[in-house]
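S.K.: Need a 3D model of the following:
(one chain, ligands or ions: 1)
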Amino acid sequence: MENTLTPVIEVKEVHKSFKTVHAVQGLNLTIGKGQFVALLGPNGAGKTTLVEMIEGIRHPDKGEIRIMGKTWKHHEDELRHLIGLSLQETRFTDKLRVYETLRLFASFFGLGKERVEEIIELVALEEKRKAYVVNLSGGQRQRLALGISLLNKPKVLLLDEPTTGLDPNARREIWAILRKLKEQAETSMILTTHYMEEAEQLCDYIIIVDHGKILREGTLEQLLNDEKGEKVIEFTLKDAPETLPRTKGEISDIQWNGTQGSGKVTVQNMNTQLPEFMDYLQQNRLHLQDMECRRTTLDDLFTTLTGRHLHE
Ligand SMILES: Nc1ncnc2c1ncn2[C@@H]1O[C@H](COP(=O)(O)OP(=O)(O)OP(=O)(O)O)[C@@H](O)[C@H]1O
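M.R.: As a prediction, the model looks like this:
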């Protein structure tokens, strides 16, 4: 990743294998101060393994990881203070109240009540400050987890699927907190996610990984511009057949789902290819039920690159 900012996280030629699985295969990335980076990839792509190596839980078989120039081998204590972690399934003591939980964690860092109050406000838990943790909703628990990870103003925040399992509202509340953090531009973040929208909404830089390798990376704009102005035609057919007849000419690749009766065609030139597509339908006596033309999205790019959908 090209970067003119002072590097905060540097991953150089990192490999990690588990028995027969080469989970991370020579990965390189550099993240600057205040940058928010999304790691997008299907199940088993190697995202968690990479994040766990950056957070010092696992060690690379080969390669090097530096955080603000420091390595886990030589500077473990310092790095623990630079990093904030908010894991997918954070467990708290259910018998403590929200503010008690935060004060407990704050005491580990030698922080006082003032910082706890700032965090309660940041993660919008003012109304729940006296609630027992056991009575919080999934979204509130996740906000509390995020609050704990932000207590010591970490320079690096590592979030492994922070909104998985949350409803859309709870997810947006987490996004709002992360946007506030981004405005402060003090923390660099790596976030793994299965939600394309989460990457689009929060991150300056997106890295698509699969089979332990980077397939594509860039800003959202760069990734989509790389597609050279391609457009997508999505359509459904009346009396949909299981398979479609072969195409000729400029319409070369229709992705057809016979079970759902829906298809997708990627076109470079709408002016010539759309009429050709309509001819193809007519010649084969196929009747449209619905049709939509749109710009390619990150979702289309992801499917083209990995051959899979994010949730597979
Ligand atoms: N402790 C382990 N022992 C053996 N294999 C492992 C271990 N941890 C991960 N793997 C394998 O390494 C590969 C990468 O897994 P990883 O959990 O990093 O992927 P991921 O992209 O985070 O997936 P998900 O989105 O499902 O969390 C997978 O094939 C996984 O089965």
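S.K.: Any idea how many residues pack against residue 82?
M.R.: Close neighbours of residue 82, defined as other C-beta atoms under 10 Å, add up to 16. (Glycine included, C-beta is placed from N, CA and C.)
S.K.: That one and the ligand: what is the separation?
M.R.: Using C-beta to the nearest ligand atom, to the nearest Å, one obtains 23 Å as the distance from residue 82 to the ligand.
S.K.: ok, that residue touching residue 153?
M.R.: No - applying C-beta atoms under 8 Å, one finds residue 82 not in contact with residue 153, separated by 9.8 Å.
S.K.: Now do the same contact list for residue 168.
M.R.: For residue 168, the contact set (C-beta atoms under 8 Å, 6 or more residues apart in numbering) is empty.
S.K.: who does the helix or strand containing residue 206 pair up with?
M.R.: Using DSSP states H and E, residue 206 falls within strand 205-210. Strand 205-210 sits in its sheet next to strand 36-40 (parallel), strand 213-218 (antiparallel), going by DSSP bridges.
S.K.: Hmm, residue 91 and residue 145 touching each other?
M.R.: No - the pair residue 145 and residue 91 does not pass the contact test of C-beta under 8 Å, sitting 9.4 Å apart.
S.K.: which SSE is residue 169 in?
M.R.: Assessed by DSSP H and E, residue 169 sits inside helix 168-184.
S.K.: for the residue lying closest to residue 132 once chain neighbours are set aside, what are its contacts?
M.R.: Using C-beta to C-beta, 6 or more residues apart in numbering and skipping residues adjacent in sequence, the residue nearest residue 132 is residue 97, 5.7 Å away. By C-beta under 8 Å, 6+ apart, residue 97 lies in contact with 129, 130, 131, 132, 133.
S.K.: hmm, try it at 10 Å
M.R.: Residue 97 is in contact with 103, 128, 129, 130, 131, 132, 133, 135, counting by C-beta atoms under 10 Å, 6 or more residues apart in numbering.
S.K.: ok, now residue 184?
M.R.: 34, 153.
S.K.: and residue 145, how many neighbours?
M.R.: Applying other C-beta under 10 Å, we find 23 residues neighbouring residue 145.
S.K.: these two touch, right, it and residue 98?
M.R.: No - counting by C-beta atoms under 10 Å, residue 145 sits too far from residue 98 to count as a contact (11.5 Å).
S.K.: any shared contact partners between those two?
M.R.: 92, 123.
S.K.: related to what we said a few turns ago, derive a PyMOL selection command for the buried subset of the contacts of residue 97.
M.R.: Selection command for PyMOL covering only the buried members of these, criterion 16 or more other C-beta atoms under 10 Å:
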select buried, resi 103+128+132+133
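S.K.: Out of the contacts of residue 97, flag the one nearest to the ligand.
M.R.: Among those, residue 133 lies closest to the ligand (C-beta to the nearest ligand atom), at 25.3 Å.
S.K.: correct me, but the closest one touches residue 100?
M.R.: Yes - between residue 133 and residue 100 there is a contact under C-beta under 10 Å: 8.7 Å.
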